[in-house]
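> got a predicted structure here, sequence first:
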Amino acid sequence: MMKSIISSRMLSMLFAALFFAVLSLGQVANAQASSSGSSRLDAILERGSILVGTTGDYKPFSIIDKTTGDFVGYDIDAAKMLGEALGVKVIFVQTSWPTLMKDLLDDKFDIAMSGITRTYARQKQAHFSHGYFPFGKSPLIRAQDKAKFTSLAAIDQPGVKIGVNPGGTNERFVKANITKATIIVHAKNAEIPGMVAEGKFDVMITDSPEAIRYAKDDSRLYAALLDKTFTKNQFGIMMQRGDQVFANFINMWMEEMKLQGEFDKLYDKYMK
């Protein structure tokens with residue numbers, strides 16, 4: 001009887017050991033398959049081109065040149081440098097802020113570069129690279145209103161008209177923080193600064209680099225509260241989830257860009 005009990009226990013232990021051994025081998029095999037499996041990086045290299053989604057309405061990162069019809073800007077130059085690092089052609093695909101995520105997930109392009117804010121909400125659906133440009137939300141106003149709009153509370157007053165583009169972090173910030181002023185959603189982001197200058201809107205709350213660039217280009221405008229922005233954020237390159245090989249290449253490229261001072265050169269070109 002004792003021998004029978006011992007044999008049963010030994011068999012149970014043996015089966016358990018075999019089960020965990022098989023499980024471990026399966027995990028190793030899956031890890032090896034994952035590490036050696038195809039990546040978007042391989043597809044891009046084989047195709048000879050990388051598709052870059054960009055909005056073309058966000059100065060100075062991605063804007064359409066009215067003369068040539070070409071995309072120009074900080075992120076456009078950076079994308080071309082990424083193409084050089086990959087040894088492939090860069091093809092720009094126009095998207096919009098409301099459709100940005102859907103277009104990425106529908107595989108209309110490989111990555112998105114357009115001054116895209118890294119957020120938890122976006123990271124839940126996609127994957128962001130390391131950050132490469134720190135900034136914050138700040139108001140773009142008329143120069144004559146410097147003494148009037150000195151805080152978010154001063155902006156959020158009845159009678160103040162705030163213009164905002166749909167589908168991005170600007171709209172989300174405004175709708176979450178403005179309760180008294182009038183919010184007017186305008187479809188074309190690139191038109192809003194001019195409408196502020198003309199008095200059609202009083203304020204555009206946007207990312208500080210956009211406010212700085214438009215104020216430099218139009219003396220009627222003023223980028224306010226740059227020393228105390230409403231938020232602290234970073235831009236990143238957005239791509240689909242689940243491809244660590246491709247993500248590793250993008251992040252390594254970004255680290256090299258920083259190391260070689262290329263991002264500093266882009267900053268000097270587009271922000272100074």
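Perfect, thanks for sending it.
> and the closest residue to residue 136 other than its chain neighbours, what does it touch?
The spatially closest residue to residue 136, leaving aside those adjacent along the chain, is residue 229, at 2.5 Å (CB to CB, 6 or more residues apart in numbering). (Each C-beta comes from the backbone N, C-alpha and C, glycine too.) Neighbouring residues of residue 229 by CB atoms under 8 Å, 6 or more residues apart in numbering: 135, 136, 137, 138, 208.
> pLDDT score assigned to the second one?
Spelled out, that is residue 136. pLDDT for residue 136: 97.
> tell me the confidence at the residue nearest to residue 72 when sequence neighbours are not counted?
Of all residues not flanking residue 72 in the chain, residue 65 sits nearest, at 5.0 Å (CB to CB, 6+ apart). Looking at residue 65, its pLDDT is 95.
> residue 65: neighbour count?
For residue 65, the count of nearby residues is 12 (other CB atoms under 10 Å).
> what's stretch 238-255 in contact with?
35, 39-42, 44, 82, 85-86, 100, 104-105, 107, 110-113, 116, 122, 125-130, 132, 237.
> what are the buried residues along stretch 46-64?
50-64 (16 or more other CB atoms under 10 Å).
> one more: stretch 177-191?
Here stretch 177-191 shows 178, 181, 186, 189, 190 as buried, counting by 16+ other CB under 10 Å.
> state whether the second one and residue 156 are indeed in contact, as I suppose.
Yes - at 5.0 Å, residue 181 counts as touching residue 156 under the criterion of CB atoms under 8 Å.
> show me the shaky parts of the stretch 1-150 of the chain.
Residues of the stretch 1-150 of the chain meeting the criterion pLDDT under 70: 1-37.
> can you rerun that using 50?
Along the stretch 1-150 of the chain, the model assigns pLDDT under 50 to residues 1-6, 18-36.
> any chance you could map the helices in it?
For the stretch 1-150 of the chain, the helices defined by DSSP state H, counting those that start in this stretch occupy 2-36, 40-47, 74-86, 100-105, 120-125.
> sorry, back to before: closest one of the contacts of residue 229 to residue 257?
residue 135 (17.4 Å; CB to CB).
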